[in-house]
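> would you be able to build a 3D model of this:
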Amino acid sequence: MNVGLIPMAHGEAPVPEAIVGTWEADDGTVKLDMVKAGGEFQARMLYGNEIVEADNVTFKKDAKNPDPALRSRSLKNIVFITGLRWADGEWSGGSIYDASSGRTYNCKATVKDGKMHLRGYLGLPAMGQTRSFHRARG
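This next block holds a predicted model:
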């Protein structure tokens, strides 16, 4: 049974595995797969304009990676969110890699009312940006 698909009653606290599964950005531009890896949660991007060329088929290369040895790798199936740990009702302490800039940001996530809110930031969480996701269908 996939615990992440169990609906929660209004106001009920999420369980750590509630973040696991396939999520799509509310604007439809990104789809990611969040998994548990040991005691942490991580994600790989399944689809997104950040990783696919204009033909919507060919995966881009990691051309802006700060490590020159990785710039020729395909962005297909790379893990771009790592290190999220469950504590105090949220997943925090993670990192999110932005292939379009080659930068890595801190990140945290919450799940509430069937939505995942993923926040990337430098320094303080208040100085970041949040994207909202819903469970992907099919």
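> C-alpha from now on. contacts and neighbour counts both.
Will do.
> so where is this protein shaky, pLDDT-wise?
1-13, 138 (pLDDT under 70).
> how about the closest residue to Lys76 other than its chain neighbours, what does it touch?
In space, Lys76 comes closest to Phe59 once its chain neighbours are excluded; the distance is 6.0 Å by Cα to Cα, 6 or more residues apart in numbering. By Cα atoms under 8 Å, 6 or more residues apart in numbering, the contact set of Phe59 is 51-53, 74-76.
> what is the nearest of the residues you listed to Glu17?
Lys76 (24.6 Å; Cα to Cα).
> contacts made by the one helix or strand Gln42 maps to with the rest, please.
Per DSSP states H and E: Gln42 is located in strand 40-48. For strand 40-48, contacts defined as Cα under 8 Å, 6+ apart pick out 20, 29-36, 51, 76-86.
> now do 6 Å
29-35, 77-85 (Cα atoms under 6 Å, 6 or more residues apart in numbering).
> can you check stretch 128-138 too?
22-26, 115-121.
> again, only using 8 Å
21-26, 31, 114-122.
> what's around the residue lying closest to Thr58 once chain neighbours are set aside, how many residues?
Nearest non-adjacent residue to Thr58, counting by Cα to Cα, 6+ apart: Val52, 5.7 Å away. Val52 has 18 neighbouring residues, counting by other Cα atoms under 10 Å.
> now swap in Ser100 and tell me
Neighbours of Ser100 using other Cα under 10 Å come to 15.
> which of the helices or strands spans it?
Per DSSP H and E, there is no helix or strand for Ser100.
> show me what contacts it?
Per Cα under 8 Å, 6+ apart, neighbours of Ser100: 50, 64.
> state the phi and psi torsions of it.
phi -70, psi -20 (degrees, to the nearest 10).
> equivalent analysis for Glu90, please.
phi -150, psi 170.
> that one contacts Lys108, doesn't it?
Yes - taking contacts as Cα atoms under 8 Å, Glu90 lies within contact range of Lys108: 7.3 Å.
> about what we covered before: so for the strand holding Gln42, what gets flagged as buried?
40-48 (16 or more other Cα atoms under 10 Å).
> can you give me the strands in this structure?
21-25, 30-37, 40-48, 79-87, 90-98, 103-112, 115-121, 128-135 (DSSP state E).
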